[in-house]
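J.: only the shape, not the letters, is given here:
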């Protein structure tokens, strides 16, 4: 009943608070996508702030995430099509926080146990799609996150040749694609093109590079999908069976039997800052990735943005596309 309630509330708020009409949407069809979406951004900020007020703990957060996807709906009077989906960014591995910890080690996975554990999810992910030269890929990733112009490998500092290439963090999948393109130029490994947006964003998020502000939510996706812990855990602990949503939270809970007897688990908990959602933890951000679709017969626009539940605000606009 609570899930149905969330669905009803979200759908009603979307249809009621959307102030942009078909007429006004067509009138700005020639303006760039970001300006189009600015007309409805205030409404969706209101929608999210209203719905996230109901989130009090991990259970209610899961209910919201389970009911937050709205397939494209058409409002009969205006003819405006609207779709919306939302997912937790904190149930994925923060790629930037991981890489920032490897910068001092110059991407050397064999330097010590910490670097080995940090490299593990990247290596398992790349092995999964048969990426042949993991060393070159890792050098490209680390050289993007560090801010110097010193190359870890041969031609792995993309900014040395492309002054417009952003450094300091990996900002989005589109940014990551530029790294993939350079990897292909260096290796001719066509398997890199298997890493599309869906595959990458199922496992990795492009969060803050500051390790102290990262978090990996131990609570599994309420729909039983997107379990990223097999990329992180020791091989002997990886189960191919479906586990309960709170299984990993119990595993990494302070003073749990496994944590007390397995030093590697304690190290993993610290490296990835594995914990459960806590509304009172105002020093941290809990980010949701949102995807908003607006369209008429003549125009379709999509906006991807990040929303911070803890502080009830839009964190960043990640991508805007018009067709």
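T.: Thanks, I have the structure now. It should be emphasised that the depicted structure is a prediction, and the values quoted were computed from it without experimental measurement.
J.: partner residues bridging the residue nearest the centre of the chain?
T.: Note on the chain: the residue nearest the mean C-alpha position is residue 205, at 3.1 Å, using C-alpha atoms, centre = their mean. Per DSSP bridges, the residues bridged to residue 205 are residue 94.
J.: quick one: it from residue 51, how far?
T.: As judged by C-beta to C-beta, to the nearest Å, residue 205 and residue 51 stand 21 Å apart. (C-beta placed from N, C-alpha, C; glycine too.)
J.: show me where the stretch 201-323 of the chain dips below the pLDDT cut-off.
T.: By pLDDT under 70, the low-scoring segments of the stretch 201-323 of the chain are 222-225, 296-297, 320-323.
J.: what segments of it are helices?
T.: 247-251, 257-261, 263-272 (DSSP state H, counting those that start in this stretch).
J.: can you say which of these is nearest to residue 173?
T.: Smallest distance to residue 173 across the helices of the stretch 201-323 of the chain (C-beta to C-beta): 20.9 Å, for helix 263-272.
J.: give the buried residues for that closest one.
T.: 265, 268, 269, 271, 272 (16 or more other C-beta atoms under 10 Å).
J.: other residues contacting stretch 176-196?
T.: Identification of contacts with stretch 176-196 by C-beta atoms under 8 Å, 6 or more residues apart in numbering yields 129-133, 136-137, 140-141, 144, 154-156, 158, 165, 170, 200, 206.
J.: pLDDT on that stretch, on average?
T.: Stretch 176-196 shows a mean pLDDT of 97 in the predicted model.
J.: please render the buried residues of helix 263-272 as JSON lines that adds distance to residue 105 to the earlier fields.
T.: Listed next are the buried residues of helix 263-272 as JSON lines, based on distance: C-beta to C-beta, whole Å:
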{"residue": "265", "distance to residue 105": "21"}
{"residue": "268", "distance to residue 105": "17"}
{"residue": "269", "distance to residue 105": "20"}
{"residue": "271", "distance to residue 105": "12"}
{"residue": "272", "distance to residue 105": "16"}
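J.: from those residues, which is closest to residue 114?
T.: residue 271 (6.4 Å).
J.: I'd say the closest one and residue 101 touch.
T.: Yes: under the criterion of C-beta atoms under 8 Å, residue 271 makes contact with residue 101 at 7.1 Å.
J.: got any residues that touch both of these two?
T.: Joint contacts of residue 271 and residue 101 (C-beta under 8 Å, 6+ apart) are 114, 118.
J.: mind jotting down where the strands sit in the stretch 51-200 of the chain?
T.: 70-74, 81-88, 93-94 (DSSP state E, counting those that start in this stretch).
J.: what do you get for the stretch 201-323 of the chain?
T.: 204-205, 216-217, 274-275, 287-295, 300-308, 313-322.
J.: turn those strands into TSV, columns for distance to residue 108.
T.: TSV is the format used below for the strands of the stretch 201-323 of the chain (distance: least, C-beta to C-beta, whole Å):
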stretch	distance to residue 108
strand 204-205	21
strand 216-217	23
strand 274-275	24
strand 287-295	30
strand 300-308	31
strand 313-322	31
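J.: which of those strands sits most buried?
T.: Scoring the strands of the stretch 201-323 of the chain by mean neighbour count under mean count of other C-beta atoms under 10 Å gives strand 204-205 as the most buried, with a mean of 24.
J.: which pLDDT value belongs to residue 1?
T.: pLDDT at residue 1 comes out at 48.
J.: please read the previous query as pertaining to residue 132.
T.: 96.
J.: got the contact list for it?
T.: Per C-beta under 8 Å, 6+ apart, neighbours of residue 132: 187, 189, 191.
J.: neighbours of the closest residue to the last one other than its chain neighbours, just the number please.
T.: The one in question is residue 191. Nearest-residue entry for residue 191: residue 130, 5.0 Å, with adjacent residues in sequence omitted and distances by C-beta to C-beta, 6 or more residues apart in numbering. Residue 130 has 10 neighbouring residues, counting by other C-beta atoms under 10 Å.
J.: cool, and residue 141?
T.: If we define neighbours as other C-beta under 10 Å, then residue 141 has 23 of them.
J.: one more: residue 92?
T.: Residue 92 - counted by other C-beta under 10 Å - has 22 other residues nearby.
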